[in-house]
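Visitor: Whatever this is, show me its structure:
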Amino acid sequence: MSNPIDKAQQRIDELQQKLKQARALKSRIEARQRGAEAKQKRAEETRRKILAGALALEMMDRDEGVRARFMARLDRFLTRADDRALFGLPPRTQVPTT
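Guide: Sure thing, here's the model as predicted:
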């Protein structure tokens with residue numbers, strides 16, 4: 001015959017294992033949710049940048065003064081040769097210290 005204490009301990013061990021599995025599942029679900037939220041935020045940030053950039057380009061096309069000011073700012077802001085080339089700016093030989 002089995003000892004009731006042994007049966008109780010076995011049941012406790014089983015329940016502790018199920019609790020451990022449930023906690024692990026919860027952790028995976030929460031991590032997946034955080035990842036989805038981060039992906040959504042990145043997508044929204046990218047969309048904001050695209051829309052703001054489209055507005056800036058339109059403003060530059062309509063007003064030469066805006067274009068000149070914006071290009072001067074881009075000239076100071078952009079350092080990578082490939083980024084500068086997108087706006088027709090020459091590559092920098094060295095980064096200015098400001």
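
Visitor: Tell me where the chain has strands.
Guide: Assigned by DSSP state E, the chain shows no strands.

Visitor: which residues of it fall in helices?
Guide: 4-62, 64-77, 81-86 (DSSP state H).

Visitor: what's the first one packed up against?
Guide: Going back to what we said before, that points to helix 4-62. Counting contacts by 3 or more Cβ pairs under 8 Å, 6 or more residues apart in numbering; DSSP states H and E, helix 4-62 packs against helix 64-77. To be clear about C-beta, it is placed using only N, CA and C from the backbone, and glycine gets the same treatment.

Visitor: Give me the mean pLDDT for the helix it packs on.
Guide: Helix 64-77 shows a mean pLDDT of 96.

Visitor: and it, what does it pack onto?
Guide: Packed next to helix 64-77, using 3+ Cβ pairs under 8 Å, 6+ apart, are helix 4-62.

Visitor: between the helix it packs on and helix 64-77, how many degrees?
Guide: For helix 4-62 against helix 64-77, the angle by axes from the mean of the first three to the mean of the last three Cα atoms, to 10 degrees is 130 degrees.

Visitor: I'd like the distance from helix 4-62 to the chain centre, please.
Guide: Relative to its chain's centre, helix 4-62 lies at 13 Å (Cα atoms, centre = their mean, to the nearest Å).

Visitor: Give me the distance between the spatially most central residue of the chain and Gly35.
Guide: Nearest residue to the geometric centre of the chain (Cα atoms, centre = their mean): Arg42, 4.0 Å. Distance, Arg42 to Gly35, by Cβ to Cβ, to the nearest Å: 11 Å.

Visitor: Provide a list of residues in contact with Leu78.
Guide: Arg84, Phe87, Leu89 (Cβ atoms under 8 Å, 6 or more residues apart in numbering).

Visitor: Name the nearest of the residues you listed relative to Ala52.
Guide: Phe87 (15.4 Å; Cβ to Cβ).
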